[in-house]
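what's the 3D shape of this:
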Amino acid sequence: MPAPASPETQEFLQHLWLERGLSKNTREAYQRDLLLFSEWLKEHTQNTGNLLLTASEDDLRCFLGWRYEQSYHPRSTARQISSLRAFYRYLLQSEQIPTDITANIEMPRQGKALPKTLSEDDVESLLNSPDTNTAIGLRDRAMLEILYACGLRISELVNLNMDSINLRQGVIRIIGKGRKERLVPMGQNAIECLEQYVKQARGDLLNQYESRTLFPGRHGRPMTRQTFWHRIKHYNTIAGINTDVSPHVLRHAFATHLLNHGADLRVVQLLLGHSDLSTTQIYTHIANHRLSELHREHHPRG
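From the prediction side, this is the model:
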């Protein structure tokens, strides 16, 4: 975890895991937000007791004012408020505090930013960048193909094991956020790349280590998210793509390209593993934005 947590914070984080099934990464994000507020209270208030338990609504409003002065992005502040709101509601329900100091706090207004995506030509260039004459190149090509073909989160990709794939049926079993399971079809190109990688390269990369990890890094262990992020940056440079590509950009491209080719929004929701359709609807804005661009570019009165 980011830093040692106070007892009440530890209880809250355990609650997030046991009751809500939130991932380690999400719990660490909550802890960072709570730690930032606690450190601010220590520096800017005269309170000498248990800082988080004795903070007031005025303290919280001053903290949010400080964030504004420090030019924090409204989206970051909204996430901070969400973390604090969940924490103080938990404390209220467990009768550790008499009132919820976040009850009267409003979320900052923020524009709905469209996620970055890639054109189909850019994706093709990126997928063709790894050197498939090497074991690492075959692995990276298969990872990129699966990431784009299935719209996976990076954590879902690096945690795949041999039991996750069914090449005969052409599907991958994904354990997503909240331990929710979904089956995602791979498509013929991804199946062929994965078959080639498993037959020709995976054994070399394992180098006699015993592991069920589908895409091993060093010593047969799963590759870290950071390592694969750097691999994508490397291939982004080779492909000469101007957009700053991250693993999540390929997930966005997956959803956007499906909708551009007529896929139903609810199908895309299931494939992405979104629990709420409203989360998926952001991609309709991307598709509509692209349609508007095409209209302006090609229509005589655009």
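
Measure how buried Tyr88 is and give me the count.
For Tyr88, the neighbour count with other Cβ atoms under 10 Å is 23. To be clear about C-beta, it is placed using only N, CA and C from the backbone, and glycine gets the same treatment.

Could you do Arg179 as well?
A count of neighbours around Arg179, defined by other Cβ under 10 Å, yields 9.

Roughly how far does it sit from Ser23?
Using Cβ to Cβ, to the nearest Å, we find Arg179 at a distance of 9 Å from Ser23.

Ok, Leu206 next?
27 Å.

same check, this time on Thr134
Applying Cβ to Cβ, the value for Thr134 to Ser23 is 33 Å.

Confirm Glu95 sits in a strand?
No. Assessed with DSSP: H, G, I helix; E, B strand; the rest coil, Glu95 is coil; it does not lie in a strand.

give the contact list for it.
By Cβ atoms under 8 Å, 6 or more residues apart in numbering, the contact list for Glu95 is empty.

tell me the domain ranges of this structure?
For the chain, automatic domain parsing gives the domain ranges 7-93, 120-298.

Mean pLDDT and distance to Met107 added to those, as a markdown table?
Shown next, in a markdown table, are those (pLDDT from 0 to 100; distance: least, Cβ to Cβ, whole Å):
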| stretch | mean pLDDT | distance to Met107 |
| --- | --- | --- |
| domain 7-93 | 88 | 5 |
| domain 120-298 | 84 | 15 |
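
Could you point out which of these sits nearest Asn104?
Closest approach to Asn104 among these is made by domain 7-93 (6.5 Å; Cβ to Cβ).

now the closest one: how far from the chain's centre is it?
Distance of domain 7-93 from the chain centroid (Cα atoms, centre = their mean, to the nearest Å) equals 21 Å.

can you pull out the strands in the stretch 51-200 of the chain?
Using DSSP state E, counting those that start in this stretch, the strands of the stretch 51-200 of the chain run over residues 165-166, 171-175, 181-185.

Pull the residues that contact the shortest one.
Taking Cβ under 8 Å, 6+ apart as the criterion, the residues outside strand 165-166 that touch it are Val171, Ile172, Arg173, Leu194, Leu214.

same deal with stretch 11-19?
Applying Cβ under 8 Å, 6+ apart, the external contacts of stretch 11-19 come out as 1, 5, 22, 26-27, 30-31, 34, 86-87, 90-91, 94.

Now stretch 252-261: buried residues?
Under the neighbour-count criterion of 16 or more other Cβ atoms under 10 Å, stretch 252-261 has His252, Ala253, Phe254, Ala255, Thr256, His257, Leu258, Leu259 buried.
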